[in-house]
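**Q** Starting from these lines, generate the structure:
(2 chains)
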Amino acid sequence: MRTRAAVSAVLASGGILIAGWQSGVHIADTSSSVASGAAGTTGATGAKALGTDGSSGTGTTGAAGTTGASAKAVGTYAGPVVQTRFGSVQVQISVRAGKITDVTALQLTDAERKSVQISNRAAPLLRDEVLQAQSADVQTISGATVTSDAYLNSLQAALDAANL
Amino acid sequence: MNTQLLTSRPEVRRRSGGAVNPFRGQHRRRLLRADLLTVLFWASLAGAVALWLADGGMAGFATVAGSFTGLGIVAGLAGMDLVLLMLLLAARIPLIDHTVGHDRALEFHRKLGKPALYLLLAHGILIAIGYGMAEGLDPVSEAVALWVLVPDMWLAYISMLLFIAVVVTSLVAVRRRFPYEFWYAVHLLTYAAVLTALPHQFSVGGLFAEGTWQRWYWLALCIATGAALLYYRVAQPLVATFRHQLTVKRVVRVAPGVVSVEMSGLGLDQLAGSGGRFFIWRFLAPGLWWHPHPFSLSADPVSFDAAGQGTLRITVRNLGGGSAQLASLKPGTRVALEGPYGLFSTAARSRNHVVMVGAGIGITPIRALLESTPFQPGNATVILRGHSESELYLGEEILALCQQRGATLFHLTGSRPAGVRTWLPESSARAGHRLASFDPNVSDADVYVCGPAAWAQSVLQDARAAGVREDQLHYERFDW
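**A** All right, here's what the predicted structure looks like:
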């Protein structure tokens, strides 16, 4: 009887683990393809910015990539990639006539599902605050301290690059 | 079959073969349940990890830092799962109690304590390393940063400390140094430990994040554990206490330091057949009410009228602490009860033949079992062990029961031989007697053993040597 229990337990646990792993492989693939898709669009707007990854202080090379013919005096500046324990954060600003007109998060903390949730909540709030304050001197979002700090660091470097 | 009272003289008896075994069905079902519980146990651990994998957990293993974090998460998930399973084991769930017995469930609960703690420690250390590597920090700075920066993490640190305290005070060497009450109080902190661990699982770990399978698994497991604890450890005892309305009827001195407490109450017919099983008693008298006493019934509940009114009885030896005060219980004292628990009953029977071995105060549940468990005359052997005849508590009642029901009775008295591990008295051991000498059919019998732990182990060893299989052995542990 002990053997019956042991064999069934091994088979059941093994089956459950394999089933979990199999469905997880699928999700891991899609999430990485989403990530690479995001990276692709980043590349279109500011290809150079990606090259400056890591050198955190020197966001100055953030590319002034003009996004299209429509936006004449529009400059976009990407901040450096800031690493956090929950994933990477990178922010890009759009500037017109010395004012920040838009803030886009090129990368946000996405290490775990919960981080994605936090990012999705925090990013719009931070964007609004920054647009209102016209600087990186805004409050961090409670419950998203790590993401906020990284966001504002990347933003500050982008602002420096834009000489704002 | 005539009843004999022999003093350690082996007796040869013919086997009453050919009888159908009425316990085969219940035995097969019990073994099936035991195997099912084993499978559920492992499947639950595998499930905790598998659901994390299913929600994309493998993606993190692309980097070294991610691998540390991933392993840390797996350790945390398995640790949390183990803690919840431990709580379920201690929740006195009837399915578990009827399958392995409450004492065996607690034994397993104890064995899981250290593995659970190691997993939780590994969880903390591996995550600190993994997160630290992702940020370029050493694990210690990372641990500090987590404490300061990440919401709810300080609670997780407190939880870790509480878990360490609970497990350390439960180590045998440590537990012996402190009174039972101290251990019990610290053990209650387990609930605080689980509750303080939950917030960071919500906010940082995302175990309950919407849109994941894990959410449903963990919600179900946490709610089921909480509900089982509340229902079986709080609600059921209250219901039983109000239903049975037990009061102390009288306290009878059985032998020096040993008293029988007789209680009368209502609805006791519902407890019929629980002779030998134990209840947790609280005598609601000043200075006594908070002290839970686990004692077996020493007699099946008797003499019901139409309302089920009757009496039941426990027999208790003064083992220090609260049990000393039981001798001075006043008639009329109200009694709260939880139970019955344990498998020291007919529910554990698997064979026609039954051998019951009891020592000291462990004789009392044997008496109740002998009274209630079915057997054909000649199919039961009772062996009582004590230093002297006066220590064979309830010996006269047992002799009468043996005569009435056709069981063979042996009294084994005297001290053990020095330096030899045996459960027999010196004279008997020297004569080369073994368990099989007292009952030649022991290998095809259910063997019930109740007595001090070391002595009981010795009996069990003898039984195994005589060819008794593990599932035929039934013993009750007395130590907490």
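**Q** What segments of chain A are helices?
**A** Taking DSSP state H as the test, the helices found in chain A are A:2-51, A:113-133, A:145-161.
**Q** which parts of the second one are buried?
**A** Meaning helix A:113-133. Going by neighbour count (16 or more other CB atoms under 10 Å in any protein chain shown), the buried part of helix A:113-133 is A:113-119, A:122-123, A:126-127, A:129-130. C-beta coordinates here come from the backbone N, C-alpha and C atoms, glycine included.
**Q** Ok, the shortest one next?
**A** Judged by neighbour count using 16+ other CB under 10 Å, the buried positions of helix A:145-161 are A:145-148, A:150-161.
**Q** what bits of the stretch 151-300 of chain B have low per-residue confidence?
**A** Within the stretch 151-300 of chain B, the stretches with pLDDT under 70 are B:206, B:209-211.
**Q** can we see that at 80?
**A** Residue ranges of the stretch 151-300 of chain B with pLDDT under 80: B:151, B:180-181, B:202-213, B:272-275, B:287.
**Q** ok, residue B:402 touching residue B:411?
**A** No. In this structure residue B:402 lies outside contact range of residue B:411 using CB atoms under 8 Å: 11.0 Å.
**Q** What separation do you get for residue B:80 and chain A?
**A** Residue B:80 sits 16 Å away from chain A, going by CB to the nearest CB, to the nearest Å.
**Q** Just the element for that residue, please.
**A** helix B:64-89 (DSSP states H and E).
**Q** Now look at the very next helix or strand once past that helix and say if it contacts chain A.
**A** Where DSSP H and E defines the elements, the next helix or strand beyond helix B:64-89 is helix B:94-100. No. Counting by CB under 8 Å from any CB of the partner chain, chain A is not contacted by helix B:94-100; separation bottoms out at 11.7 Å.
**Q** Any idea which of the helices of chain A has the lowest pLDDT on average?
**A** Mean pLDDT is lowest for helix A:2-51 among the helices of chain A, at a mean of 64.
**Q** contacting residues around stretch B:213-230?
**A** B:44, B:47-48, B:51-52, B:54-55, B:81, B:84, B:87-88, B:91, B:93, B:198, B:201, B:206-209 (CB atoms under 8 Å, 6 or more residues apart in numbering or on different chains).
**Q** give me that answer again for 7 Å
**A** Here stretch B:213-230 makes contact (CB atoms under 7 Å, 6 or more residues apart in numbering or on different chains) with B:47, B:51-52, B:54-55, B:84, B:87-88, B:91, B:93, B:207-209.
**Q** got it, and stretch B:326-342?
**A** Counting by CB under 7 Å, 6+ apart, B:92, B:97, B:101-103, B:237, B:240-241, B:244, B:246-251, B:259, B:261, B:263, B:271, B:274, B:277-285, B:316, B:318, B:476 sit against stretch B:326-342.
**Q** Filter those down to the buried ones.
**A** The neighbour-count test (16+ other CB under 10 Å) applied to these identifies B:92, B:97, B:101-103, B:237, B:240-241, B:244, B:246, B:248-249, B:251, B:259, B:261, B:263, B:271, B:274, B:277-283, B:285, B:316, B:476 as buried.
**Q** Give me the subset of the residues you listed that lies in strands.
**A** Members of those lying in strands (criterion: DSSP state E): B:246, B:248-249, B:251, B:259, B:261, B:263, B:278-283, B:316, B:476.
**Q** between those, which is nearest residue A:21?
**A** Using CB to CB, residue B:476 comes nearest to residue A:21 of those, at 43.4 Å.
**Q** The closest one: what's it in contact with?
**A** By CB under 7 Å, 6+ apart, the contact list for residue B:476 reads B:103, B:342, B:344, B:365, B:450.
**Q** Can you show me the strands along chain B?
**A** Using DSSP E, strands in chain B cover B:5-6, B:246-255, B:258-265, B:278-283, B:293-302, B:310-317, B:334-341, B:353-359, B:380-386, B:407-413, B:445-450, B:473-476.
**Q** Run the chain-centre distance for the fourth one.
**A** Taking CA atoms, centre = their mean, to the nearest Å, the mean C-alpha location of strand B:278-283 is offset from the chain mean by 14 Å.
**Q** What angle do strand B:246-255 and it make with each other?
**A** Strand B:278-283 and strand B:246-255 are oriented at 100 degrees to each other (axes from the mean of the first three to the mean of the last three CA atoms, to 10 degrees).
**Q** Show me what strand B:278-283 pairs with in its sheet, parallel or antiparallel.
**A** strand B:293-302 (antiparallel), strand B:334-341 (antiparallel) (DSSP bridges).
**Q** tell me the angle of the longest one relative to strand B:445-450?
**A** So that's strand B:293-302. Angle of strand B:293-302 versus strand B:445-450, following the same axes, to 10 degrees, is 130 degrees.
**Q** and residue B:32, how far is that from chain A?
**A** Counting by CB to the nearest CB, the gap from residue B:32 to chain A is 8 Å.
**Q** if I pick that residue, what's in contact with it?
**A** By CB under 7 Å, 6+ apart, residue B:32 lies in contact with nothing.
**Q** Excluding chain neighbours, what is closest to the residue in the stretch 251-400 of chain B that chain A sits nearest to?
**A** Ranked by CB to the nearest CB, the top residue of the stretch 251-400 of chain B for proximity to chain A is residue B:350, at 11.3 Å. Closest residue to residue B:350 apart from its sequence neighbours, by CB to CB, 6 or more residues apart in numbering or on different chains: residue B:27 at 3.6 Å.
**Q** which one is residue 131 nearest to, not counting chain neighbours?
**A** In the absence of a named chain, this looks at chain A. Residue A:131 sits nearest to residue A:100 (CB to CB, 6+ apart), 6.2 Å away.
**Q** The chain in question should be chain B.
**A** Closest residue to residue B:131 apart from its sequence neighbours, by CB to CB, 6+ apart: residue A:85 at 3.7 Å.
**Q** ok, now residue B:214?
**A** Per CB to CB, 6+ apart, closest to residue B:214 is residue B:51, 4.6 Å.
**Q** For that neighbour, report the pLDDT, please.
**A** 88.
**Q** What of residue B:110?
**A** At residue B:110, pLDDT is 91.
**Q** Now do the same contact list for it.
**A** residue B:170.
**Q** From chain A, how far off is it?
**A** Counting by CB to the nearest CB, the gap from residue B:110 to chain A is 20 Å.
**Q** what do you get for residue B:421?
**A** Applying CB to the nearest CB, the value for residue B:421 to chain A is 26 Å.
**Q** That residue against residue B:461, yeah?
**A** No. Using CB atoms under 7 Å, residue B:421 is not in contact with residue B:461, being 8.2 Å away.
**Q** how about stretch B:69-77 against chain A, any contact?
**A** No. Stretch B:69-77 does not reach chain A (CB under 7 Å from any CB of the partner chain); its nearest approach is 7.6 Å.
**Q** Work out the gap between that stretch and the centre of the chain.
**A** 31 Å.
**Q** Nearest residue to the most far-flung residue of chain B relative to its centre in space, please, no chain neighbours.
**A** For chain B, the largest distance from the centre (CA atoms, centre = their mean) belongs to residue B:136, which lies 48.7 Å off. Using CB to CB, 6+ apart and skipping residues adjacent in sequence, the residue nearest residue B:136 is residue A:83, 7.3 Å away.
**Q** Could you list everything that neighbour pairs with in the sheet?
**A** For residue A:83, the beta-bridge partners are residue A:88 (DSSP bridges).
**Q** Now do the same for it: its pLDDT.
**A** 81.
**Q** now the one 10 residues further on
**A** Confidence at residue A:93, expressed as pLDDT, is 89.
**Q** which non-adjacent residue is nearest it?
**A** residue A:158 (4.9 Å).
**Q** how near is that neighbour to residue B:97?
**A** Using CB to CB, to the nearest Å, we find residue A:158 at a distance of 65 Å from residue B:97.
**Q** ok, the closest residue to residue B:277 other than its chain neighbours to residue B:240 distance?
**A** With sequence-adjacent residues excluded and distances taken as CB to CB, 6+ apart, residue B:277 is closest to residue B:340, at 3.9 Å. Residue B:340 sits 9 Å away from residue B:240, taking CB to CB as the criterion.
**Q** Sounds good, over and out.
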